[in-house]
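Undergrad: Predicted model and sequence below, questions to follow.
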Amino acid sequence: MNTNIEVGFLLFPNLTQLDLTGPAQVLSRIPRAKVHLVWKDLDPVMTDVGFSINPTTTFESCPQLDVLCVPGGFGIGEQMVDETTLSFLRKQSIGAKYITSVCNGSLILAAAGILQGHKSACHWIWSKYLSLFGVEPINQRVVKDGKFISGGGVTAGIDFAYELAAELAGEDIAKRLQLALEYDPAPPFDCGSPEKAGPAVVNEVLTLQKNRIIAMEAVIQKVAVNLVV
């Protein structure tokens, strides 16, 4: 009998690496946890920061996961229309004890039809699109909705991981992991959310990302319409 806690992260081109590596660092230290980085093949996968991450298993060879986690990034557009990826997520979600996401990875789960009728966190730029898929966006660092657990934008993935660690192994172990990794955030600037940053900084960020947002929005709108139809 397999006594491992099977934790699987979807790995895909141009993902935001911290969406994956932050939670993976925490969850890998849970007793009996076995972390899988899952992709179509075992070739290195390029991330958003210019270095690659090696998959550890493929869609076909991946065991049934206890925790299915989908990170985000600007690569989500391609995955939202990739039936191979979506089919893998649908299949794994049936037996998974927890279905989770970080950042706008929730939109990939939404595109697979897995999140319909549930609540989810998401990065602040992208959260408004969840409602197109019948998902209720919640503006929190971590959102729990039964077996669905999600983290907000990028760094919220670490908060998410500790919440999930407590679910999997108990609060005492989660606390020990937090101390071991010295997770005691003290950001130098109080502008980590749109509300704190203010309109001027928000507009600057949106302007810098304008072209990417427009391109991604077109994909999201198309997928949402087709899913409803």
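TA: Done, it's in. Numbering: from 1, shown residues only.
Undergrad: those helices in this structure, which residues are they?
TA: Applying DSSP state H to the chain gives helices spanning 17-27, 76-80, 83-95, 106-111, 156-169, 171-180, 194-197, 199-208, 210-228.
Undergrad: Indicate which one of the ones you listed is closest to S61.
TA: Taking Cβ to Cβ, helix 83-95 is the member of the helices of the chain nearest to S61, at 11.4 Å. (Glycine included, C-beta is placed from N, CA and C.)
Undergrad: Return the helix or strand in this protein with minimum mean pLDDT.
TA: helix 210-228 (a mean of 89; mean pLDDT, DSSP states H and E).
Undergrad: quick one: buried residues of that one?
TA: Applying a neighbour-count criterion of 16 or more other Cβ atoms under 10 Å, one finds M216, V219, I220, V223, A224, L227 buried in helix 210-228.
Undergrad: Likewise for stretch 49-56?
TA: Neighbour-count burial for stretch 49-56 flags I53, P55, T56 (criterion: 16+ other Cβ under 10 Å).
Undergrad: before we move on, back to that, next one: the least confident helix or strand of the chain to chain centre, how far?
TA: Mean-position distance between helix 210-228 and its chain equals 18 Å (Cα atoms, centre = their mean, to the nearest Å).
Undergrad: Which strands or helices does it pack on?
TA: If contacts are counted by 3 or more Cβ pairs under 8 Å, 6 or more residues apart in numbering; DSSP states H and E, helix 210-228 sits against helix 76-80, helix 106-111.
Undergrad: Can you name the residues in contact with that helix?
TA: Residues outside helix 210-228 that contact it (Cβ atoms under 8 Å, 6 or more residues apart in numbering): 74, 76-77, 80-81, 107, 111, 113, 125-126, 129, 132-133, 206.
Undergrad: before we move on, what about stretch 157-164?
TA: With contacts defined as Cβ under 8 Å, 6+ apart, stretch 157-164 is touched by 18-20, 22-23, 25-27, 67, 71, 98, 100, 102-103, 121, 141-142, 144, 149-151, 174, 177-178, 183.
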